[in-house]
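**Q** sequence below, structure please.
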Amino acid sequence: MNTQQNSEAPVASRIVKMTDKEFTTLVTFVKSKYGIDLTKKRVLVESRLAQELKQRGFTTFQQYIDVVFKDTSGNEAVTLLNKLTTNFSYFMRENEHYAFMVNRVLPYLEKRCKNNEMRIWSAGCSTGQEAYTTAMVIDDYFGTRKGQWDTSILATDISMRVLTEAQKGIYPAGDIKDIPPQWKKKYFDTLPDGNLQVKERIRKEVIFRPGNLMEPFRFKKPFDLIFCRNVMIYFDTDTKAKLVQKFYDWTAPGGFLFIGHSESLNGISGQYNYVQPAIYQRKE
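**A** This next block holds a predicted model:
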């Protein structure tokens, strides 16, 4: 028996466990402020916040929760949310939507929109791939006529971290693998480090702003097309129903709502007409 080896064995780090009260407090806060339901995600919550506790020297989850609650800037709450949710996006995601845009939505809106103004919102835009893809699709559709149209895209997210990245429009080469080859030259610049940056004229088409979908919407005009894809997977049925109604109230007559293909509005689509999977339209 090697007693020296046993005496030198590393001691396992103490794992901080979340109490029922701490978990309930945290889940209630996130649900009320952001609409995200984490009641069945206890293991995820504990594992994703464990590193945060370790880095900051907290010995209980309550210590961290107190810091989040006392921070009046809201930065701690957003950092918490970033830890608990996955900001995942890529170019040309759910390409069926963009095919539908080209074949149905854009021709329809081109005839219907007044003053050559088309209002589009990318809600829960993450790091910007959805909004930039939409801008490229629109630019390609209009071609030489694009200069006659105002098709600015509002892109919102609750995370300033992802919005900061989105505004730069810089992505690894692997991130644009699904972009048509001709678009890579048309819409991207290759940087010295090998990354690619969305061309300035496309970046200017997207306006990034912080926005919480649980708060009242305040816009100047309704939208002709709203993207809210793969966001409502975190919400319970009641929260989704209320959000869908808010979207409807801010959708122009004849306008469209696109959700993720992994999501469903069965029983909560409200006054929207179902068009095809993950696509809804407000009555004209």
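**Q** now the helices for the stretch 1-150 of the chain?
**A** 3-7, 20-34, 42-56, 61-70, 75-84, 95-100, 106-112, 129-142 (DSSP state H, counting those that start in this stretch).
**Q** any idea which of the ones you listed scores lowest on pLDDT?
**A** Mean pLDDT is lowest for helix 3-7 among the helices of the stretch 1-150 of the chain, at a mean of 43.
**Q** would you say Ser269 is within a strand?
**A** No: counting by DSSP: H, G, I helix; E, B strand; the rest coil, Ser269 is not part of a strand but coil.
**Q** go ahead and confirm it touches Tyr280.
**A** Yes: counting by CB atoms under 8 Å, Tyr280 is a contact partner of Ser269 at 5.9 Å. (Glycine included, C-beta is placed from N, CA and C.)
**Q** now for Lys114: which residues touch it?
**A** By CB atoms under 8 Å, 6 or more residues apart in numbering, no residues touch Lys114.
**Q** over to the one 10 residues further on?
**A** By CB under 8 Å, 6+ apart, the contact set of Gly124 is 156-157, 213, 228-231.
**Q** tell me the pLDDT of it.
**A** Gly124 carries a pLDDT value of 92.
**Q** against Phe258, how distant is it?
**A** Taking CB to CB, to the nearest Å as the measure, Gly124 falls 12 Å from Phe258.
**Q** return every residue with contacts to both of those two.
**A** Common contacts of Gly124 and Phe258, defined by CB under 8 Å, 6+ apart, comprise 228-229.
**Q** of Ser269 and Tyr280, which one has the most company?
**A** The residue with more neighbours, out of Ser269 and Tyr280, is Tyr280; 23 against 16, by other CB atoms under 10 Å.
**Q** element containing the more buried one?
**A** Assigned by DSSP states H and E, Tyr280 belongs to strand 279-281.
**Q** what residues does that strand touch?
**A** 97, 100, 254-259, 265, 269, 272-275.
**Q** turn the helices of the stretch 1-150 of the chain into a markdown table, columns for distance to Pro172 and mean neighbour count.
**A** A markdown table is the format used below for the helices of the stretch 1-150 of the chain (distance: least, CB to CB, whole Å; neighbours: other CB atoms under 10 Å):
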| stretch | distance to Pro172 | mean neighbour count |
| --- | --- | --- |
| helix 3-7 | 44 | 7 |
| helix 20-34 | 29 | 16 |
| helix 42-56 | 24 | 14 |
| helix 61-70 | 32 | 16 |
| helix 75-84 | 20 | 17 |
| helix 95-100 | 20 | 16 |
| helix 106-112 | 30 | 15 |
| helix 129-142 | 12 | 23 |
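**Q** in helices, which of the contacts of strand 279-281 fall?
**A** The members of the contacts of strand 279-281 that map onto helices under DSSP state H are 97, 100.
**Q** adding distance to Tyr132, secondary structure and pLDDT, write the contacts of Gly124 out as JSON lines.
**A** Formatted as JSON lines, the contacts of Gly124 follow (distance: CB to CB, whole Å; DSSP: H, G, I helix; E, B strand; the rest coil; pLDDT from 0 to 100):
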{"residue": "Thr156", "distance to Tyr132": "14", "secondary structure": "strand", "pLDDT": "97"}
{"residue": "Asp157", "distance to Tyr132": "14", "secondary structure": "strand", "pLDDT": "93"}
{"residue": "Leu213", "distance to Tyr132": "21", "secondary structure": "coil", "pLDDT": "94"}
{"residue": "Cys228", "distance to Tyr132": "17", "secondary structure": "strand", "pLDDT": "96"}
{"residue": "Arg229", "distance to Tyr132": "14", "secondary structure": "coil", "pLDDT": "93"}
{"residue": "Asn230", "distance to Tyr132": "16", "secondary structure": "coil", "pLDDT": "87"}
{"residue": "Val231", "distance to Tyr132": "18", "secondary structure": "coil", "pLDDT": "88"}
